[in-house]
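A.B. asks: next one to model:
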Amino acid sequence: MSELTEMAERSVTAGLLQRTLKAPINCRGIGLHSGAPVNMTLTPADPNTGIIFRRVDLKNGARDIPARFDLVTDTRMCTKISNDHNGSVATIEHLMAALAGCGVDNAIIELDGPEVPVMDGSSEPFVFLVECAGVVEQSVERNVISVKRAVRVGTDESFASLEPGHRFTMAMCIDFQSRAIGRQDIFLEVSDLTFKRELSKARTFGFAHEVEAMRAAGLARGGSLENAVVIDGDTVLNKDGLRFEDEFVRHKALDCVGDLALAGGPILGHFRGRRTGHALNNQLLRALFSDSENYSRMPASDYLGTL
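C.D. replies: Reported below is the predicted structural model:
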């Protein structure tokens, strides 16, 4: 058995069974774009439930919005999903990244508003909530999504792609004119450990000169230096500075983990992105699942038999 195959087998067998939370846990915060206060409770769910957002402030069919790539309806500055009854929830990407990074397959997310609380602008508070609640394995096997054929969306300057691979690896590149960011690259294998250590603390970011236009468009009304890194020209305005020297590309990778978690199972393949964002990430999943020749969805144990 080759070293690569051994690593892939360890990666898959570590998450053979589906997982959910041991107990409910709640938090309170404000929406990054709405600025409205919101209460949120993460609750355990049965096997094969997936991640479901439940708007407790809505009635009947509008309440439940499954976290699925094909239900994404807006990608301006965040990822928003909606159901057929005009129920929606926005800014789900940081929470989805935390759930995927912690290996949580099934959970119901109860909210009393239209947006997930931004907390500090990263996934770290959500990882903390999951760890406080605890995670438990369930009796049903987890399905994995194996990329069989390369898929790419975008242009030469801005693109996202998935290629076949035995593990979920990610190569991300960003390039901004501001010298506070410049060009940044990151490559890593995404696992429970690497997500928490390398990505979860990286905060969302924006530019001071864009704030007025975003707020006029109904966005970033809850944004502040408490929940985002703000750049003015070539200067980071946050007094405590950055959490990582390359925090910006790490946050883009975090966003991508959250957006790809809408695939409905762990992806086994190599992601490459250059100047990508929520729109391209979602287009990539739509392209992947548009042709059954592009992927195989199977129980994890069946995948091991193909190695």
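A.B. asks: could you check the pLDDT of residue 33?
C.D. replies: On the pLDDT scale, residue 33 is placed at 84.
A.B. asks: swap in residue 306?
C.D. replies: So residue 306 comes in at 68 (pLDDT).
A.B. asks: what about the helices in the stretch 1-150 of the chain?
C.D. replies: With DSSP state H, counting those that start in this stretch as the criterion, the stretch 1-150 of the chain has helices at 3-13, 93-101, 124-133.
A.B. asks: let me see the contact set for residue 276.
C.D. replies: 154, 158-160, 172, 252, 256 (C-beta atoms under 8 Å, 6 or more residues apart in numbering). C-beta coordinates here come from the backbone N, C-alpha and C atoms, glycine included.
A.B. asks: closest to residue 67 out of the residues you listed?
C.D. replies: Closest approach to residue 67 among the contacts of residue 276 (C-beta to C-beta): residue 256, at 15.2 Å.
A.B. asks: so that closest one is in which element?
C.D. replies: helix 247-260 (DSSP states H and E).
A.B. asks: which secondary structure elements does that helix contact?
C.D. replies: In terms of contact count using 3 or more C-beta pairs under 8 Å, 6 or more residues apart in numbering; DSSP states H and E, helix 247-260 is assigned the packing partners helix 93-101, strand 168-175, strand 183-189, strand 205-207, strand 267-274, helix 278-288.
A.B. asks: could you export that helix as CSV, CA atoms only?
C.D. replies: Output of helix 247-260 as CSV, limited to C-alpha atoms (Å, rounded to 0.1, in the frame of the first residue of the first chain):
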residue,chain,number,x,y,z
GLU,A,247,-5.3,36.1,7.7
PHE,A,248,-7.0,37.3,4.5
VAL,A,249,-6.3,34.2,2.4
ARG,A,250,-7.0,32.0,5.3
HIS,A,251,-10.5,33.6,5.7
LYS,A,252,-11.1,33.1,2.0
ALA,A,253,-10.2,29.4,2.5
LEU,A,254,-12.6,29.3,5.5
ASP,A,255,-15.4,30.7,3.4
CYS,A,256,-14.7,28.1,0.7
VAL,A,257,-14.9,25.3,3.3
GLY,A,258,-18.3,26.6,4.4
ASP,A,259,-19.6,27.1,0.8
LEU,A,260,-18.5,23.6,-0.3
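A.B. asks: what comes up buried for that helix?
C.D. replies: For helix 247-260, a neighbour-count test (16 or more other C-beta atoms under 10 Å) marks 247-260 as buried.
A.B. asks: now do stretch 58-77
C.D. replies: For stretch 58-77, burial by neighbour count (16+ other C-beta under 10 Å) applies to 58, 62-63, 65, 67-69, 71-72, 75, 77.
A.B. asks: contacts for it next, please.
C.D. replies: Stretch 58-77 is contacted by residues 33, 50-56, 79-90, 92, 96, 214, 217, 219-220, 261-264, 277-279, 282, 285-286, 289 when judged by C-beta under 8 Å, 6+ apart.
A.B. asks: report the buried members of those residues.
C.D. replies: Burial by neighbour count, 16+ other C-beta under 10 Å: within the contacts of stretch 58-77 this picks out 33, 50-55, 79-83, 87-90, 92, 96, 214, 219-220, 261-264, 277-279, 282, 285, 289.
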